[in-house]
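Undergrad: Model the following, please.
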Amino acid sequence: MTYLFRFSDATLQHGHITPIVFGWCVPQWLVDFLIDRDPNTPNGDIWHRTNSFFGRPAESGYILRRIVDKDGNYTSAFPDMLSKVESDCLIMAKE
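TA: Take a look at the predicted model:
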């Protein structure tokens, strides 16, 4: 399974995430995964994720926090993430 992120415009404020299963794009009427940038964090450190199934209103979701910036430096959210993840589940890689 892979995911295609499509944003409404170049400001990347709102987008849809399309799951791709075995090369088939799941239609939005079936599942609509939404991602919205928190307007109080203009650099994109916080995102709100919600999911909608079969055209129903989006259910409660979760918050994504940026833990590494574009240069590979840890953000202030990185230590908090480390405190919540079990060490045997954490994989970190750098290309």
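
Undergrad: following the helix or strand where Trp47 lies, which helix or strand shows up next?
TA: Using DSSP states H and E, Trp47 sits within strand 46-53. Moving toward the C-terminus from strand 46-53, the first helix or strand encountered (DSSP H and E) is strand 62-65.

Undergrad: and the helix or strand that that following strand is followed by, what does it pack onto?
TA: Reading on from strand 62-65 to the C-terminus, the next helix or strand found by DSSP H and E is helix 78-84. For helix 78-84, there is no helix or strand it packs on, judged by 3 or more Cβ pairs under 8 Å, 6 or more residues apart in numbering; DSSP states H and E. Placement of C-beta: from N, CA and C, glycine included.

Undergrad: Export only the CA atoms of helix 78-84, formatted as CSV.
TA: Provided in CSV are the C-alpha atoms of helix 78-84 (Å, rounded to 0.1, in the frame of the first residue of the first chain):
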residue,chain,number,x,y,z
PHE,A,78,11.6,15.2,18.8
PRO,A,79,12.4,14.6,22.5
ASP,A,80,8.7,14.2,23.2
MET,A,81,8.4,11.6,20.5
LEU,A,82,11.3,9.7,21.9
SER,A,83,9.7,9.6,25.3
LYS,A,84,6.5,8.0,23.8
